[in-house]
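>>> coords please:
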Amino acid sequence: MWYEWLMPVLFFVLGYFFGSFSTGYFLGKKQGHNIQSEGSGNIGTTNALRTMGKGAGAITFLGDLAKAFLPTLLVRFWYCKTMGYGADLTYVVTLITGLGVFIGHVFPFYLRFKGGKGIAVSAAVIVATSADGGIGVWMIFIGLALFIVIVGLTRYVSLGSLAVLWYFPIYVILKFRDSQYFWFAFILGMIFLTLSYIKHAGNIRRLINGTERKLFEKKESVPETEKPDK
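Predicted structure coming up:
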């Protein structure tokens, strides 16, 4: 039916409005901070941690997870099951919803489209779409372990995040390579990956130059010529 093609568009829009709720920004406002003008100027977990402390960082992280989990799990376990969708189509429709959340987080309309980098949101979308008891679960644990090892060894959160984001296309290749929805799912995964790398362009440049700020590193140790991107 025609409305079945319209619903994913509506779910994308729903996801966008969920994603545009910027936890770090509103938490900062409540605590008297303008997180967009402090630290890196980013509204995500890492900058909330650096500018407002561990508690604020944890709340920001959990809030960003929640705003991704709510719409994606609702679509996956209510709408898709009600419609009797198979695993392939369920993944695609849920991923479309998750992409809406991601774009809302990265480009919130009321902050002049200057949002976070979407790592916590991406992590929630990965779990919501892929925790199926099969290869997805194993890949989630492998991705988490990879992130912990990379950040533990280098203290570069950005490096660990950039490595884990390859989960999207790799999972689609392994899980849906024989599906009629393969290319659709693969393109959606590559949009996640590409936008994430674009948002991390400054981090990538600083990683190459050796000036990327490490986790828990004091601001004074960062050269003045390498101010974080606003």
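
>>> only C-alpha atoms for contact and neighbour calcs from this point on.
Fine.

>>> can you check the pLDDT for the spatially most central residue of the chain?
The centroid of the chain falls nearest to Ser122 when counting by C-alpha atoms, centre = their mean (2.6 Å). Note for Ser122: predicted pLDDT of 91.

>>> with adjacent residues omitted, what lies nearest to it?
In space, and not counting its chain neighbours, Ser122 is closest to Phe102: 6.8 Å by C-alpha to C-alpha, 6 or more residues apart in numbering.

>>> now the lowest-mean-pLDDT helix or strand in the chain, how far from the centre of its chain.
None of the helices or strands of the chain scores lower by mean pLDDT, DSSP states H and E than helix 45-52, at a mean of 78. Helix 45-52 sits 16 Å away from the centroid of its parent chain (C-alpha atoms, centre = their mean, to the nearest Å).

>>> helix or strand next in line after that helix, which one?
Next in sequence after helix 45-52, counting helices and strands by DSSP states H and E, comes helix 54-74.

>>> in that next one, what counts as buried?
Neighbour-count burial for helix 54-74 flags 56-69, 71-73 (criterion: 16 or more other C-alpha atoms under 10 Å).

>>> cool, and stretch 186-201?
So for stretch 186-201, counting by 16+ other C-alpha under 10 Å, buried means 186, 188-190, 192-193, 195-197, 200.

>>> and Phe26, how far is that from Ser40?
Phe26 is 17 Å from Ser40, where distance means C-alpha to C-alpha, to the nearest Å.

>>> mind checking which of these two has more residues around it?
Ser40 (19 against 16; other C-alpha atoms under 10 Å).

>>> with that, I have no additional questions.
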